[in-house]
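In: the following block contains a protein sequence and its predicted model.
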Amino acid sequence: MSRTPATVCAVSLGGGLGAAARYAAARLWPVAPGGFPWTTMAVNIIGCLAMGALTIVLTEVWPARPLARPFLATGVLGGFTTFSTYVVDSHSLLGDGRAAAGLACTVLTPLAALAAAWSGARAARLLLPGREWARA
Amino acid sequence: MTWLLVITGGMIGAPLRYLLDRTVQRWNDGVFPWGTFTVNVLGCLVLGLLTGVTEGGAAPSHVQLLLGTGLTGALTTYSTFSYETLRLAESGARLLAAANVAASVVAGFTAAYLGAGLAQALRG
């Protein structure tokens, strides 16, 4: 990935799209103030699943498309998923005395996200036919 | 209008993450993903501050949409964080992978807490 203006523009466009998709999810499935942040959790898990699959596709299928990774991975999925909202929401739950919910959000999100990224990569490797997965 | 604020914030936050990550990674010669760690912790500090200010009624909701949902939402990332952790684990550096998760969460919480405290101090 070279640091060209085209790369930065691709990341920016993707970031705008990803953030808009996350906002759409937040409007479609709003969480009441003080409620468990299911929507952010789902957004992050789905984004990680897609990232796992996308990384395989980018490496094995589209290695010669230099703007695909900055646009789709760094931009769209990077902008769609969020670490700050996960932390601040978990922090608020714990601060409001909802210790079990806060702890569940804090611990389950990274576990589910890692499982999702792994599953996404695994599924992409299984579904892409006729390729050698020496590095798998 | 709300969409425009979120998209504008996202279009600023994502390239900011990319450039900050690149800058940090240029100094980092180890395998630990310090670049993503840095942007995520920085984003938690800013969102903690912003949430603290908003709760006090000092920041209107359009500022929250632009800087919270849009900018810090896109500045921070869960997908790259997960992917880099997974890559560390798959390369055999399982301890570093676990350390990345633990350190990111602890530093993120600390930063959000400091941000909220700063907001309280600013409100007086």
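Out: Cool, got the structure. Residues are numbered from 1 along each chain as shown, chains lettered A, B, ... in the order given.
In: give the closest residue to A:Gly75 in space, chain neighbours not counted.
Out: A:Gly14 (1.8 Å; CB to CB, 6 or more residues apart in numbering or on different chains). Placement of C-beta: from N, CA and C, glycine included.
In: now for the helix or strand containing that neighbour, which elements pack on it?
Out: For A:Gly14, the element it lies in under DSSP states H and E is helix A:5-28. In terms of contacts (3 or more CB pairs under 8 Å, 6 or more residues apart in numbering or on different chains; DSSP states H and E), helix A:5-28 is packed against helix A:38-60, helix A:78-80, helix B:2-27, helix B:73-75.
In: count of residues packed around the residue nearest to A:Gly75?
Out: Applying other CB atoms under 10 Å in any protein chain shown, we find 29 other residues in the vicinity of A:Gly14.
In: ok, A:Trp38 next?
Out: 11.
In: need the contact list for the nearest residue to it once chain neighbours are set aside.
Out: Leaving aside its chain neighbours, A:Trp38 sits nearest to A:Val31 (6.3 Å; criterion: CB to CB, 6+ apart). For A:Val31, the contact set (CB atoms under 8 Å, 6 or more residues apart in numbering or on different chains) comprises A:Pro37, A:Trp38, A:Thr39, A:Thr40.
In: can you give me the pLDDT of A:Val31?
Out: pLDDT recorded at A:Val31 is 91.
In: can you tell me how far it is from chain B?
Out: For A:Val31, the distance to chain B equals 13 Å [CB to the nearest CB, to the nearest Å].
In: same check, this time on A:Leu58
Out: 11 Å.
In: what separation do you get for A:Leu67 and chain B?
Out: Applying CB to the nearest CB, the value for A:Leu67 to chain B is 13 Å.
In: count of neighbours near A:Ala115?
Out: So A:Ala115, with other CB under 10 Å, has 16 neighbours.
In: now the angle between helix A:38-60 and whichever strand or helix holds it, please.
Out: Assigned by DSSP H and E, A:Ala115 falls within helix A:99-127. Orientation note: helix A:99-127 sits at an angle of 30 degrees relative to helix A:38-60 (axes from the mean of the first three to the mean of the last three CA atoms, to 10 degrees).
In: in helix A:99-127, what's buried?
Out: Residues of helix A:99-127 classed as buried: A:101-102, A:105-106, A:109-110, A:112-118, A:120-121, A:124-125 (neighbour count, 16 or more other CB atoms under 10 Å in any protein chain shown).
In: ok, the closest residue to chain B within chain A - contacts?
Out: Here chain A gets closest to chain B at one residue, A:Gly15, 2.2 Å apart by CB to the nearest CB. Contact analysis of A:Gly15 by CB under 8 Å, 6+ apart lists A:74-76, A:78-79, B:10-15, B:17, B:74.
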